[in-house]
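Q: Quick one, what's the 3D model for this:
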Amino acid sequence: MRFTESFIPTQREIPVEAENISHQLMLRAGMVQQIAAGVYAWLPLGYRAHRNAQQIIREEMNDVGAQEFHLPALSPAEIWEATGRVAAFGDTLFHIKNRPGLVLAPTHEEVIAFIARAHVRSYKELPQTWYQIQTKFRNEPRPKSGVLRGRQFTMKDAYSLDASPEGLDASYAKQEQAYRNIYTRCGLNFFIVGAASGAMGGSKSQEFMVESVAGEDNVAVCDNCGYAANVEAAQSQTQRVNFATSANESPEEIFTPNIKTIDQLAQYLKVPAEQCAKSRVYVVEGAPVLVLMCGNDEVNEMKLQSALGTGTFRAATDEELAKFTGADAGSIGPLHLKTTMRVIADRRLEGAGGMISGANKNDFHLMRLVFGGNVKVDAYADLRSVAAGEPCVNCGSPLRIARAIEIGHIFKLGTKYSDALGARFLDADGAEKPIIMGSYGIGVERILASYIEQNNDEKGIIWNRALAPFLVEILALNMSSELVRTTAMKLYDDFHANDIEVLLDDRPDVSAGVKFNDADLLGMPLQIICGEKNLKNGNVELKIRRTGERIVLPIDNVLTHVQKSTTAA
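A: Numbering: from 1, shown residues only. Okay, the predicted model is just below:
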């Protein structure tokens, strides 16, 4: 590609709308153009990198036996209603107003199950793995961070279909290894975390993450043993509490005027905050549920979703709190509730005695509560969000909380979608059973943005060979010079003839300084600099973008050197 024949709108100024390094550099390098909030056009330079990422994904998917599909972005709302995900996605799901009954798919589990229902009949046809690279749509309320969180984006989504849990395990393992291969080939420094499945459902999920200040996820990381988990699923070795002074304590009501928070209560009674049990009321599918936490521990609502077995819940309103408990927030507890309700407590409270909680009467609390004794608890579960500095669940070393970008997510779905949509097969005994599914997603744009977040300097992007739009950029420093012009064009033609992707900066009225700056901004792995001084001696200069190293080479040796320099990028 030649500058004079191409569309490469480089900008040396940082656009005011840029929100992070990758966004800044993508805009400055003319890779993307924002069309609307959360909607980006991929310009030629950016789309070449985009296609390179796609090709790596495609090769690794094909290598594990996955078959490529191309599914419609539109799908019937009824199949989403059958799985309950119209409600689960809520306003994130785009509905077509002038064609009721159609939605724009944010993912394709329902469509895959719909197709499998029509075509998979027998266990002999399993396992199968189907994938596509397709545009997805999500009505993000606050799209931001450039292409990292858009309303329209490209996803590689794959789906495994198996006849047994063991088959799903094998398919999941293949996809996990394929993902490792993809991100390694793309040149990303990534790690894998345990994650919550959310609206996707299923028994297990893992996220592939890139640590970055531009990330929107918080992850707990142990630098000692390598443990990592999204805070939605992370655990620590935080100890259970117990402040009992005797085995048979009876609750005692105390006056606590104008006490609204755990810290206020602890200070007023001169006790540790952990001796106070915080109460939260949720309305779960229409019924109230009391959730009890230790001290200032926060309810992790993704963990709560797992404990409840449903994502259909919300915090009770002030009016509902008074109706269900008889008190306002700050005075709520597990005893003397006005409405009988299920009680779930965090595991830190299991067996805890000597605790303090609200009396369900404004300005009063109860002391000497015993969980599992005078306080009946229906279930204990891990409900809390871990905090920085807590001991790692594996080795006990302090955890740190880091920001990270999610670049991929894999799920063991089980039979949620096949049950809902009737995707069944006949086993070896002729019994009808639901297909066991897995789901595996990669954000293509996120690969590129994450790569740029990890590979840049003050001058611009530093591409590797795998993702670079071009391997080589030729800089013709003075196009009015016949020697410069003819040498640059000959090298350009030679690279083309040898299938080496090359960009030629042949702009006639641009200074050498501007060309140098633009070349570093665009970040191709190798730069061939054609200047009159070297050319008069039969040489050109080769610059390696990542290291800045410069090598003077005879013109006749350039092609051979580039072909052999497989590690130069």
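Q: C-alpha from now on. contacts and neighbour counts both.
A: Will do.
Q: quick one: low-confidence parts of this structure?
A: 10-18, 196-203, 245-248, 566-569 (pLDDT under 70).
Q: In space, not sequence, find me the middle residue of it.
A: residue 406 (2.4 Å; Cα atoms, centre = their mean).
Q: Return the set of buried residues in stretch 230-247.
A: 230, 231, 232, 233, 234, 235, 236, 241, 242, 243, 244 (16 or more other Cα atoms under 10 Å).
Q: From the residues you listed, pick the one nearest residue 434.
A: residue 233 (28.1 Å; Cα to Cα).
Q: That closest one falls within a helix, correct?
A: No - applying DSSP: H, G, I helix; E, B strand; the rest coil, one finds residue 233 to be coil, outside a helix.
Q: Does it touch residue 206 like I think?
A: No - using Cα atoms under 8 Å, residue 233 and residue 206 do not qualify as a contacting pair, with a distance of 10.0 Å.
Q: circling back to that earlier point, identify the residue nearest the residue nearest to the centre of the chain in space, chain neighbours excluded?
A: Spatial nearest neighbour of residue 406, excluding adjacent residues (Cα to Cα, 6 or more residues apart in numbering): residue 209 at 4.6 Å.
Q: So what touches stretch 174-190?
A: For stretch 174-190, contacts defined as Cα atoms under 8 Å, 6 or more residues apart in numbering pick out 53, 56-57, 60-61, 64, 208-211, 408, 410, 440, 447, 450-451, 454, 464, 466-467.
Q: Mind listing residues that contact stretch 502-520?
A: So stretch 502-520 is in contact with 1-4, 10, 12, 459-462, 470-480, 485, 488, 492, 495-496, 527, 545, going by Cα under 8 Å, 6+ apart.
Q: So which of those are in helices?
A: Among these, the members found in helices (DSSP state H) are 485, 488, 492, 495, 496.
Q: would you list every one of the strands in the stretch 351-500 of the chain?
A: 355-358, 364-369, 379-381, 400-414, 424-426, 432-434, 436-443, 456-457, 460-461, 472-476 (DSSP state E, counting those that start in this stretch).
Q: cool, the stretch 101-250 of the chain as well?
A: 102-104, 128-137, 152-162, 191-194, 204-211, 217-221, 228-230.
Q: Could you say which of those is packed most deeply?
A: strand 228-230 (a mean of 25; mean count of other Cα atoms under 10 Å).
Q: Do I have it right that residue 273 meets residue 266?
A: Yes - counting by Cα under 8 Å, residue 273 touches residue 266, with 5.2 Å between them.
Q: ok, back up a step: with distance to residue 82 as extra columns, can I get the strands of the stretch 101-250 of the chain in a markdown table?
A: Below are these laid out as a markdown table (distance: least, Cα to Cα, whole Å):
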| stretch | distance to residue 82 |
| --- | --- |
| strand 102-104 | 14 |
| strand 128-137 | 20 |
| strand 152-162 | 19 |
| strand 191-194 | 28 |
| strand 204-211 | 22 |
| strand 217-221 | 30 |
| strand 228-230 | 29 |
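Q: Which one of these lies nearest to residue 41?
A: strand 152-162 (10.0 Å).
Q: rewinding a little: now a ChimeraX select for only the buried ones of the contacts of stretch 502-520.
A: Selecting only the buried entries of the contacts of stretch 502-520 in ChimeraX, with 16+ other Cα under 10 Å as the criterion:
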select :1,2,10,12,459,460,461,462,470,471,472,473,474,475,476,477,478,479,485,488,492,495,527,545
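Q: May I ask you to confirm that residue 22 is in contact with residue 453?
A: Yes - under the criterion of Cα under 8 Å, residue 22 makes contact with residue 453 at 5.3 Å.
Q: List the buried residues of stretch 109-118.
A: 109, 110, 111, 112, 113, 114, 116, 117.
Q: Figure out how far that stretch is from the centre of its chain.
A: Its chain's C-alpha centre and that of stretch 109-118 lie 25 Å apart, by Cα atoms, centre = their mean, to the nearest Å.
Q: show me where the stretch 251-400 of the chain has helices.
A: 262-269, 301-308, 318-325 (DSSP state H, counting those that start in this stretch).
Q: Quick one: list the elements packing against the second one.
A: Yep, that's helix 301-308 we're talking about. Contact partners of helix 301-308 among helices and strands, from 3 or more Cα pairs under 8 Å, 6 or more residues apart in numbering; DSSP states H and E: none.
Q: just to revisit the earlier point, are any of the contacts of stretch 174-190 buried, and if so which?
A: So, by 16+ other Cα under 10 Å, the buried ones in the contacts of stretch 174-190 are 53, 56-57, 60-61, 208-211, 408, 410, 440, 447, 450-451, 454, 464, 466-467.
Q: List the contacts of the spatially closest residue to residue 315 that is not a sequence neighbour.
A: Distances taken as Cα to Cα, 6+ apart place residue 282 nearest to residue 315, at 4.4 Å, with adjacent residues excluded. Going by Cα under 8 Å, 6+ apart, residue 282 touches 288, 289, 290, 291, 313, 314, 315, 316.
Q: The fourth one reaches residue 341, doesn't it?
A: No - assessed by Cα under 8 Å, residue 291 is found out of contact with residue 341, at 10.2 Å.
Q: Same drill for those two, tell me which one is more crowded.
A: For residue 291 versus residue 341, neighbours defined as other Cα atoms under 10 Å are more numerous around residue 291 (24 against 16).
Q: The more buried one and residue 340, how far apart?
A: 13 Å (Cα to Cα, to the nearest Å).
Q: Mind naming the longest helix for this protein?
A: From DSSP H, the single longest helix across the chain is helix 165-186.
Q: Next, the angle from that one to strand 204-211.
A: Computed with axes from the mean of the first three to the mean of the last three Cα atoms, to 10 degrees, the direction of helix 165-186 lies at 10 degrees from that of strand 204-211.
Q: from now on call the first residue 592
A: Got it, the first residue is 592 from now on, which makes the last one we talked about helix 756-777.
Q: hmm, who's touching the helix or strand containing residue 651?
A: Taking DSSP states H and E as the definition, one finds residue 651 inside helix 635-654. Here helix 635-654 makes contact (Cα under 8 Å, 6+ apart) with 598-599, 617, 621-623, 658-659, 722, 724, 747, 766, 769-770, 772-773, 776-777, 1035-1036, 1038-1039, 1057-1060.
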